[in-house]
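A.B. asks: With the input below, show me the fold.
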Amino acid sequence: MKAAAATHEKKVAALASVGTAVVLVSLKVFLTVTTGSLGILSEALHSGLDLIAAIITYLSVRVSDQPADARHLYGHGKVESFSAFVETGLLLVTALYVIYEAFARLLFRGVHIQPSLLAIGLLVLMAFLDVARSRALGRVARKYSSEALEADALHFSTDVWSTTVVIFGIACAWLGKPDRLNLPWLSLADPIAALGVAGMIIWVGSQLGRRTLDALLDAAPAGLQQRIADAVNGLEGVLGTERVRVRRAGRHHFVDVTISVPRTASIEQVHATSDAVERRIAEIVPADVVVHMEPRAPTGEHLFDAIRATAQRRGLAIHELSAHQLDGRLFVELHLEVDEQLSLREAHRRATELEEDIRREANSDADVNIHIEPQGTHIPDAVQSRGEMKELSRAVEQHINSLRREYHELVDCHEVRVRQVENKILVSCHCAMEGSLPITQVHDVTAALEGRVKEKFPQIFRVTIHPEPVEES
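C.D. replies: Numbers count the residues shown, from 1 in each chain. Just a heads-up that it's a prediction; the model follows:
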């Protein structure tokens, strides 16, 4: 509804401009015939081209707000820029003709001018019409960022000044008549005034032409590119802004931005960062934003993060990552999960490739030892209801709780579950501990407890302990 209202208001403004141009052209043609003034003739030609420009503006406004389609993926906003560029060409053609005619009258032939107070009064009236029309068009142009309406408004604002110059020329000719001041040379004010009009047309046309040419060539609005880059650089998750491209089609902006993000970030994190970038740019300028992310290693990246990023790049899952110095050399160990259907040859090839990548990341001839294990995908049925499993569950819970004297971090063991899966006995339980303990200390305790359980009950294949804060247990 808002878009439809905006289009309607722009069309009404453009159509009103066409109507006013028709009135002005008619009055100026009448005055040219009755006075013979080159200044008024130049104004009549100027207004005639303004009428053509106003018609072009109206047509461009009708087209520019149409939505994007299969052939015009960025919409039709460039029509307004093209319309403004055509108006610039028409203005310059007018200026060249006026300059030619002015020098011809100044140097080679004279033209008898018949000035009158009626002509001066009508020119004053036309100047007021230009003021009203220029303000109305400028208001709508600023409201909807319309290049075509802005060009039209600029034309009519120059008409005010050019009409004032013509009034001066006509008034000088009127005062120079024999029955008044009897100064025939004052009639030269008319072609001189016409040169003033032409100069103003050229100046305004060149300014408008430069702006519309910039729009047609996708020149970025001054300062906008840097503002976007500075704003994006300050967002969380963005390491840096590598490139910003901005183009404008009518009142619509299109922004392409390339940012660097931590290479260890997950897809979800990167997507959230992209959304944040789009929202921040929209606060600066309403735009259609495309964000491209480049994974980069942050400054001072930890070796473990680099190794995880390397494995992630190859689509490999790793855990139990550790490293230490051994006899002056770096020694790295980790567990690599691979498809359980792979052969040893293929699994070893992947592990070897990962080892080579890790050495490059470490920038040294490090020793790398990779434990290869299957990445489980099969979900077997478990057996839990047998009496011996329930008895073992109670025994495990009692045993772990009896260890609280040795492991003061342990507050309570509960929710012990024992099941048999493919002839292997698996145990899982929850252990409550003080919530302020560092996770490294908690991990050491749970690992020790798992070992003590397997030592007490050798039939158990695996123990998994879930640590939790005591206040949440």
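
A.B. asks: Could you list the low-pLDDT ranges of the stretch 201-350 of the chain?
C.D. replies: In the predicted model, the stretch 201-350 of the chain carries pLDDT under 70 at residues 214-221, 249-251.

A.B. asks: got the contact list for I400?
C.D. replies: 410, 413, 416, 429, 431, 449, 452-453 (C-beta atoms under 8 Å, 6 or more residues apart in numbering). Just so you know, the C-beta spots here come from the backbone N, C-alpha and C atoms, and that holds for glycine as well.

A.B. asks: tell me which element it falls in.
C.D. replies: Applying DSSP states H and E as the criterion places I400 in helix 387-402.

A.B. asks: and what of L208?
C.D. replies: For L208, the enclosing helix or strand under DSSP H and E is helix 189-216.

A.B. asks: what comes up buried for that helix?
C.D. replies: 189-198, 200-202, 204-205, 208-209, 211-212, 215 (16 or more other C-beta atoms under 10 Å).

A.B. asks: ok, residues contacting the helix or strand containing F254?
C.D. replies: Following DSSP H and E, the helix or strand that holds F254 is strand 252-262. Taking C-beta under 8 Å, 6+ apart as the criterion, the residues outside strand 252-262 that touch it are 74-75, 77, 228-229, 232, 237-248, 269-270, 273, 277, 281, 285-298.

A.B. asks: now, which of these lie within strands?
C.D. replies: Judged by DSSP state E, strands contain the following of the contacts of strand 252-262: 240-248, 287-296.

A.B. asks: which of those residues are buried?
C.D. replies: When the ones in strands among the contacts of strand 252-262 are checked for burial by 16+ other C-beta under 10 Å, the buried set is 241, 244, 246-248, 287-289, 291, 293, 296.

A.B. asks: I'd like those residues written out as TSV, with distance to Q441 added.
C.D. replies: As requested, these are exported to TSV (distance: C-beta to C-beta, whole Å):
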residue	distance to Q441
T241	41
V244	47
V246	52
R247	56
R248	58
A287	50
D288	51
V289	46
V291	41
M293	37
R296	34
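
A.B. asks: Give me the neighbour count for E397.
C.D. replies: 18 (other C-beta atoms under 10 Å).

A.B. asks: With P458 instead?
C.D. replies: Neighbours of P458 (other C-beta under 10 Å): 7.

A.B. asks: quick one, phi/psi of it?
C.D. replies: Recorded main-chain torsions at P458 are phi -70, psi -20, according to degrees, to the nearest 10.

A.B. asks: Next one: it from R452, what distance?
C.D. replies: Distance check for P458 against R452: by C-beta to C-beta, to the nearest Å, it reads 12 Å.

A.B. asks: Which residue ranges of this protein form strands?
C.D. replies: Across the chain, reading from the start of the chain, the strands by DSSP E fall at 240-249, 252-262, 287-296, 317-326, 329-339, 367-375, 382-383, 410-421, 424-433, 460-469.

A.B. asks: closest one to A127 among those strands?
C.D. replies: strand 240-249 (33.3 Å; C-beta to C-beta).

A.B. asks: Tell me what angle the closest one forms with strand 252-262.
C.D. replies: Strand 240-249 and strand 252-262 meet at an angle of 170 degrees, taking axes from the mean of the first three to the mean of the last three C-alpha atoms, to 10 degrees as the criterion.

A.B. asks: Return stretch 324-341 as PDB; C-alpha atoms alone will do.
C.D. replies: The C-alpha atoms that make up stretch 324-341 are tabulated as PDB, following Å, rounded to 0.1, in the frame of the first residue of the first chain:
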ATOM      1  CA  HIS A 324      52.800 -31.100  24.200                       C
ATOM      2  CA  GLN A 325      56.500 -30.600  23.800                       C
ATOM      3  CA  LEU A 326      58.500 -33.800  23.600                       C
ATOM      4  CA  ASP A 327      62.300 -33.600  23.400                       C
ATOM      5  CA  GLY A 328      62.100 -30.100  21.900                       C
ATOM      6  CA  ARG A 329      59.500 -31.100  19.300                       C
ATOM      7  CA  LEU A 330      55.800 -30.600  19.200                       C
ATOM      8  CA  PHE A 331      53.700 -33.800  19.600                       C
ATOM      9  CA  VAL A 332      50.100 -33.700  18.600                       C
ATOM     10  CA  GLU A 333      47.500 -36.400  19.300                       C
ATOM     11  CA  LEU A 334      43.900 -36.600  18.400                       C
ATOM     12  CA  HIS A 335      41.000 -39.000  17.600                       C
ATOM     13  CA  LEU A 336      39.700 -39.000  14.000                       C
ATOM     14  CA  GLU A 337      36.200 -40.300  13.300                       C
ATOM     15  CA  VAL A 338      35.600 -41.800   9.800                       C
ATOM     16  CA  ASP A 339      32.800 -43.600   8.100                       C
ATOM     17  CA  GLU A 340      32.600 -47.100   9.500                       C
ATOM     18  CA  GLN A 341      32.300 -48.600   6.000                       C
END
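
A.B. asks: Only the buried residues of that stretch, if you could.
C.D. replies: Buried residues in stretch 324-341, defined by neighbour count with 16+ other C-beta under 10 Å: 330, 332, 334, 336-338.

A.B. asks: one step back: tell me how far the strand holding F254 lies from the chain's centre.
C.D. replies: Per C-alpha atoms, centre = their mean, to the nearest Å, the displacement of strand 252-262 from the mean C-alpha position of its chain is 5 Å.
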